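# Model the structure of this input:
(chains A, B, C and D)
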There are 4 protein chains.
Amino acid sequence: MQIGMIGLGRMGSNMVRRLIRGGHQCVVYNRHPGAVKALHSEGAVGTNSLDDFVARLTKPRAIWMMVPATVVDEVLAQLVPLLEAGDIVIDGGNSYYRDDIRRAAELQQHGLHYVDAGTSGGVAGLERGYCLMMGGEKDTVQHLDPIFATLAPGLGTATPTPGRDKPAATADQGYLHCGQHGAGHFVKMVHNGIEYGLMAAYAEGLNILHNANVGKRSHDSDAETAPMRNPEFYQYDLDLPEIAEVWRRGSVVASWLLDLTAAALVEDADLTGFSGRVSDSGEGRWTALAAIDEGVPTPVINAALFERFASRGDADYANRILSAMRKQFGGHDEKKGER
Amino acid sequence: MQIGMIGLGRMGSNMVRRLIRGGHQCVVYNRHPGAVKALHSEGAVGTNSLDDFVARLTKPRAIWMMVPATVVDEVLAQLVPLLEAGDIVIDGGNSYYRDDIRRAAELQQHGLHYVDAGTSGGVAGLERGYCLMMGGEKDTVQHLDPIFATLAPGLGTATPTPGRDKPAATADQGYLHCGQHGAGHFVKMVHNGIEYGLMAAYAEGLNILHNANVGKRSHDSDAETAPMRNPEFYQYDLDLPEIAEVWRRGSVVASWLLDLTAAALVEDADLTGFSGRVSDSGEGRWTALAAIDEGVPTPVINAALFERFASRGDADYANRILSAMRKQFGGHDEKKGER
Amino acid sequence: MQIGMIGLGRMGSNMVRRLIRGGHQCVVYNRHPGAVKALHSEGAVGTNSLDDFVARLTKPRAIWMMVPATVVDEVLAQLVPLLEAGDIVIDGGNSYYRDDIRRAAELQQHGLHYVDAGTSGGVAGLERGYCLMMGGEKDTVQHLDPIFATLAPGLGTATPTPGRDKPAATADQGYLHCGQHGAGHFVKMVHNGIEYGLMAAYAEGLNILHNANVGKRSHDSDAETAPMRNPEFYQYDLDLPEIAEVWRRGSVVASWLLDLTAAALVEDADLTGFSGRVSDSGEGRWTALAAIDEGVPTPVINAALFERFASRGDADYANRILSAMRKQFGGHDEKKGER
Amino acid sequence: MQIGMIGLGRMGSNMVRRLIRGGHQCVVYNRHPGAVKALHSEGAVGTNSLDDFVARLTKPRAIWMMVPATVVDEVLAQLVPLLEAGDIVIDGGNSYYRDDIRRAAELQQHGLHYVDAGTSGGVAGLERGYCLMMGGEKDTVQHLDPIFATLAPGLGTATPTPGRDKPAATADQGYLHCGQHGAGHFVKMVHNGIEYGLMAAYAEGLNILHNANVGKRSHDSDAETAPMRNPEFYQYDLDLPEIAEVWRRGSVVASWLLDLTAAALVEDADLTGFSGRVSDSGEGRWTALAAIDEGVPTPVINAALFERFASRGDADYANRILSAMRKQFGGHDEKKGER
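Numbering: from 1, shown residues only, chains lettered A, B, ... in the order given. Sure, this is the predicted structure:
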């Protein structure tokens, strides 16, 4: 079927490519024309303005926005006046699900349909397919089924789940209508919260392995420093790329994130190209907020979120307070470090 | 080659089966004879006593112990007097790596070789293969290579890691000599610590999804209870088995643990068959101890460990103290609940 | 000066008593007349209706609401129509600071002044005084200074802070104008978040002491249970009431919360009168939300909040998922416990 | 009575001063003679060698060691050969309680008595007194009672605990015989673990207040950065020294640590003199290890410990792994920061 795509960054462009390969007609628009040109040469219908973009689409139009969450409202403000009742707008980015609920109501006043489509897959999605989580009206989601089916990885990309007997379920293809407006991004939000926890679990474990030779290093020994009691138990020089690789087969911790970690460690076992300032792009925070609203304890997900905050220096004032307290009660001066 | 197996529980029995399928000769012994008989009928050489077991093995003997960590010393006390210089003992269970270091030294005094072999794979290992992490002398580990190669999943069970170019590496097969004595169980220990974190991340996230309809429930509203401010944002009745299924394809959180979770949710989405008392069998604790010894922050892994402690009621006294404090300063009586 | 008090629960009644002792005229109203009668007999002007209450107050009226956060809007809806421009409404309860901002704006449209007054002190406040944190217009707060000065503990209730040289500062008396509307409840909110962390630190530490004799208990030893490696190091039967008492003098952990804990332990060292379901009344959650919004890591405060959630059973579904996963990969059945 | 003191650092010197004031005879020794000279001029009996030190003491000798935990064994190796059966050695430093158990047994073989005396109070102890927690034989501890009574703060330094009726209890004076060997340092260890949690609670809360104006700052807005949704709620420029001061009177969070924090903030509200590298001197780690051994969840104490680890850069490798993973799955480059 025909689909319009607004936003041709890493994600949007690859999704268009996958849709073209799947036989769909893609009309594309991007604020910066370079990406339009590139996809035009690959078979998409390129457009230079939103007016042109909308004009090229057959009614009822189906328009997929793949833009940063912070500019969705701006795009909608320009787009909605150009649309007609019955048209469909899909937000495939990482919007906060509460915005979906608001936007769906706003668009409904114009007779427009809104679908939130949480999209996971990253840069690998072009080949692996995208995992899609949708919220919105059942009919609208159903109407877009050919698009979702093409973007999704498909049945054969995972082994069947034992005991499962749902022949018609789209989840087995890698896409799912999760519920009413916002449900897609809600599920995607929690997905990302889980992702934070998973990533942190690997990172922490590898950090322990990385320091398994700490007993070999000489240590300060004074009233301010916890002595190493058992250096003989920390004498291992471990080969982290090999360990990440071996866990990929047969172990309980095998996962796609581990596959990626193994690939990163092959490039540079010490990861010297990274400084360790870890960004967070919203979903982790929103997951944490949801847990608190629900009264659900999520210590692991929160710990993972806070590690990211702290990696960017946001604990520094708190740490200075700790040092100031220690100075007050114990007369302890801060120890100097390389940091 | 020939291998002796002591301990024919879930893990040991299946490992014998996989070794028999791989063409190895397996001599087996178990405290309870039922498992010996079963494996005998599948092609293993069954024995009724440790003496008999040792007598059936060709020198230098290779003996794999697959017994609970707490009985390893007891088994060794019986076994070692029966062995001869040059024999090899492998501990494939979940021993603490510090015990490996001690045992290797003790066995060395008898001219015996010791290998610690961290083994991951669980009940699925028979078909999927076992991920193996070894510590010990290089020559001894090398000598046992045919056994490890058969137990391990093998090259084709994961996609090649991009950029990786180590044709001779066993890690690509699913087994690895990690370092000196204890290194295997050290790596396996951290593997399990990561596993705790991964499991908790999924469990917490699914718990948020499970409560995504909390806004529909009526809520107490008094000075003791945080009111629900935005019930309109928690109106989703989500289908958790479908969500676990859809994440299995193309998403960033795809993993074997997620595959298992999807299978468990298919059986019973509410998991009413479980009470939520979660055991921990040592490695999680030891991982946490190692992190503290190394001075490495592992908030996620620790949070996961503590969730298990708390699930068994071990926070109860602390919680009663909190209630007692609240009573003291605010005159707050505890609210009654169904718990 | 004259002040009106709406809400004569534990907090409101005692505040009226302290104000009467301080020579102020208190006009009081409560939904249930019993509390009005009691305070009338102690010198307050009792009223039977909001109309009567408002009529008895001299203009510009100063009205202090001490009601649950969830009914503030309801009280205001009844009260505001009875007031006149220039009157002042103070919210001394535990309102969310965002509601203060909204309410201040709403009241301003009627020419009314609004002050949020975070109030700490609990049932002991009658004797100890109340710590007060105010948000609102400077002139209004200044106008109410005699009330705050009487409610607050006063200068002599703490030792002077070394190096501090602010003769006119009200903070030294125990009350503070923190900033614009909402600032008082914001500071009080974070105060309570800190309180959660402090309480949890004591509770966890005392729990460790409570279990210092765990090495004396017999332990299961199987593949599902982490064995106790060093029971000889956990043989202490500690006297917790005495320990709490000794820490009250000269130690780094001395505090009012510790004083209360010591009192609670004197009553019952095992705290058998409590079940350990710990309520949370909003401020802890809001503190956690603020930290996430600000991008500030607060692992301790969050852990304390989540301990409360978990104490009420809100981790149960997550725990059942963990047990279900363990069953899937390891065939582990849940161990039964007394819980 | 007479007491010998080895180790005249901040703690040891002030304890000698308090003992002299209390009418005790103090024989002192220190590796560096400067501190000996100073205390000699204040009334102590100065000595230049351990031999001289021991010779000046009346039998049965009572010798208090106030040296770093890491040199206790070294001091004992020199001291023990000079002592005679019946002499008493007290370790007032921050030794690990397991070392106490070992040392007590070793000294017992020489007929010597050993007491572990956990000592809290810091540089303020000279005036406030020291909170003392003892482990060892009942008779030995009883024998030293005059020393403990002088060092401790005394009855009047805290209000009586309601309901408490133990006229003979030393806990009311500020010292306590906690149990057998090691019990004193065990209780002191947990005391310090609690201290970590308390400190972190204040530090985190103050960090939230410190950033209460974050809505005023301009923010990046791109796919990599979580946008600030509600800047209007974070417009407060709070005066932290005044807030710390106001909480000192009447609030639930009043404590000695808060007093110290208020003093530190008076000196410099931004704490620019500190870098935020926070030391840990062992007890926090040991508390965490004890909790894990006991199976007691202590998420708050552990979070506090891990914040210190992270403040010293020990999370950096883990954070680089997170950035590397994000690069792999999302093509995300790390954002640069000032760090």
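
# tilt between the host helix or strand of residue A:201 and helix B:183-210?
Residue A:201 belongs to helix A:183-210 when assigned by DSSP states H and E. With axes from the mean of the first three to the mean of the last three Cα atoms, to 10 degrees defining the directions, helix A:183-210 sits at 160 degrees from helix B:183-210.

# Output the longest strand belonging to chain A as PDB - backbone C-alpha positions only.
Among the elements of chain A assigned as strand by DSSP state E, the one spanning the most residues is strand A:113-120. C-alpha atoms of strand A:113-120 as PDB (Å, rounded to 0.1, in the frame of the first residue of the first chain):
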ATOM      1  CA  HIS A 113      -7.100   9.100  13.100                       C
ATOM      2  CA  TYR A 114      -4.000   8.800  15.200                       C
ATOM      3  CA  VAL A 115      -1.800   5.700  15.900                       C
ATOM      4  CA  ASP A 116       1.200   5.600  18.200                       C
ATOM      5  CA  ALA A 117       3.700   3.000  17.000                       C
ATOM      6  CA  GLY A 118       6.500   2.300  19.400                       C
ATOM      7  CA  THR A 119       9.400   1.100  17.200                       C
ATOM      8  CA  SER A 120      12.400  -0.900  18.300                       C
END
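
# That one packs against which elements?
In terms of contacts (3 or more Cβ pairs under 8 Å, 6 or more residues apart in numbering or on different chains; DSSP states H and E), strand A:113-120 is packed against strand A:88-91, helix A:97-108, strand A:131-135, helix A:138-143, helix A:183-210. Yep, even glycine has a C-beta here, placed from its N, CA and C like the rest.

# Beyond the longest one, next helix or strand please.
Same thing as helix A:183-210. Past helix A:183-210, the next helix or strand by DSSP H and E is helix A:240-247.

# can you list the domains in chain A?
A:2-158+A:169-180, A:188-330 (the TED database).

# Tell me which of the ones you listed sits most buried.
domain A:188-330 (a mean of 23; mean count of other Cβ atoms under 10 Å in any protein chain shown).

# mind checking the SS state of residue A:27?
Recorded secondary structure, residue A:27: strand (DSSP: H, G, I helix; E, B strand; the rest coil).

# List the residues that contact it.
A:2-5, A:44-45, A:47, A:53, A:56-57 (Cβ atoms under 8 Å, 6 or more residues apart in numbering or on different chains).

# got JSON lines for those, with pLDDT too?
As requested, these are exported to JSON lines (pLDDT from 0 to 100):
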{"residue": "A:2", "pLDDT": "98"}
{"residue": "A:3", "pLDDT": "98"}
{"residue": "A:4", "pLDDT": "98"}
{"residue": "A:5", "pLDDT": "98"}
{"residue": "A:44", "pLDDT": "98"}
{"residue": "A:45", "pLDDT": "98"}
{"residue": "A:47", "pLDDT": "98"}
{"residue": "A:53", "pLDDT": "98"}
{"residue": "A:56", "pLDDT": "97"}
{"residue": "A:57", "pLDDT": "98"}
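
# for chain C, what are the nearby residues on chain A?
A:252, A:285, A:288-289, A:292-293, A:295-299, A:302-303, A:305-307, A:309-310, A:312, A:314-315, A:318, A:329 (Cβ under 8 Å from any Cβ of the partner chain).

# Go through the domains of chain A and find the least confident stretch.
Note on the domains of chain A: domain A:188-330 shows the lowest mean pLDDT, a mean of 93.

# would a markdown table of the helices and strands packed on strand A:113-120 with distance to residue B:245 be doable?
Shown next, in a markdown table, are the helices and strands packed on strand A:113-120 (distance: least, Cβ to Cβ, whole Å):
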| stretch | distance to residue B:245 |
| --- | --- |
| strand A:88-91 | 22 |
| helix A:97-108 | 21 |
| strand A:131-135 | 10 |
| helix A:138-143 | 17 |
| helix A:183-210 | 12 |
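
# Out of these, which gets nearest to residue A:16?
Closest approach to residue A:16 among the helices and strands packed on strand A:113-120 is made by strand A:88-91 (13.4 Å; Cβ to Cβ).

# so what strands line up beside that closest one?
Applying DSSP bridges, strand A:88-91 is found paired with strand A:62-65 (parallel), strand A:113-120 (parallel).

# Extract the C-alpha set from it and format it as CSV.
The C-alpha trace of strand A:88-91 is given here as CSV (Å, rounded to 0.1, in the frame of the first residue of the first chain):
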residue,chain,number,x,y,z
ILE,A,88,-4.3,8.7,9.4
VAL,A,89,-1.2,10.0,11.2
ILE,A,90,1.2,7.5,12.8
ASP,A,91,3.8,8.6,15.3
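
# Residues contacting that strand, please?
Residues contacting strand A:88-91 (Cβ under 8 Å, 6+ apart): A:60-65, A:72, A:76, A:79-80, A:83, A:100, A:103, A:107, A:112-117, A:140, A:143-144, A:185.

# switch the cut-off to 6 Å
Residues from elsewhere that reach strand A:88-91, judged by Cβ atoms under 6 Å, 6 or more residues apart in numbering or on different chains: A:62-65, A:72, A:113-117, A:140.

# now do stretch A:62-81
A:3-7, A:11-12, A:50, A:88-95, A:110, D:221, D:223, D:227.

# and what of stretch A:37-44?
Here stretch A:37-44 makes contact (Cβ under 6 Å, 6+ apart) with A:16, A:20, A:26, A:28, A:46.

# tell me the two of the residues you listed that are most distant?
Applying Cβ to Cβ across those, the maximum distance is between A:20 and A:46, 12.3 Å.

# Do me a favour and average the pLDDT over stretch A:332-339.
For stretch A:332-339, the per-residue pLDDT averages 65.

# which one is residue A:118 nearest to, not counting chain neighbours?
Of all residues not flanking residue A:118 in the chain, residue A:188 sits nearest, at 2.3 Å (Cβ to Cβ, 6 or more residues apart in numbering or on different chains).

# Quick check: that neighbour touching residue A:132?
No: under the criterion of Cβ atoms under 6 Å, residue A:188 makes no contact with residue A:132, lying 8.9 Å away.

# residues in contact with whichever residue of the stretch 201-339 of chain A sits closest to chain B?
Residue nearest to chain B within the stretch 201-339 of chain A: residue A:201 (2.7 Å; Cβ to the nearest Cβ). Applying Cβ under 6 Å, 6+ apart to residue A:201 gives the contacts B:194, B:197-198, B:300.

# rerun that using 7 Å as the cut-off
For residue A:201, the contact set (Cβ atoms under 7 Å, 6 or more residues apart in numbering or on different chains) comprises B:194, B:197-198, B:201, B:300-301.

# quick one, what contacts the closest residue to it other than its chain neighbours?
Leaving aside its chain neighbours, residue A:201 sits nearest to residue B:197 (2.7 Å; criterion: Cβ to Cβ, 6+ apart). Going by Cβ under 7 Å, 6+ apart, residue B:197 touches A:197, A:200-201, A:204, A:300, B:300-301, B:304.

# Ok, residue A:28 next?
By Cβ under 7 Å, 6+ apart, the contact set of residue A:28 is A:5, A:8, A:16, A:36, A:39, A:44-47.

# what is the orientation angle of the helix holding residue A:201 with helix B:240-247?
Going by the same axes, to 10 degrees, helix A:183-210 is angled at 60 degrees with respect to helix B:240-247.

# So for the residue nearest to the spatial centre of chain A, what's the nearest residue that isn't a sequence neighbour?
Centre of chain A computed as the mean C-alpha position; nearest residue by Cα atoms, centre = their mean is residue A:192, 5.4 Å away. Among residues not flanking residue A:192 along the chain, residue A:283 sits closest, at 3.5 Å (Cβ to Cβ, 6+ apart).
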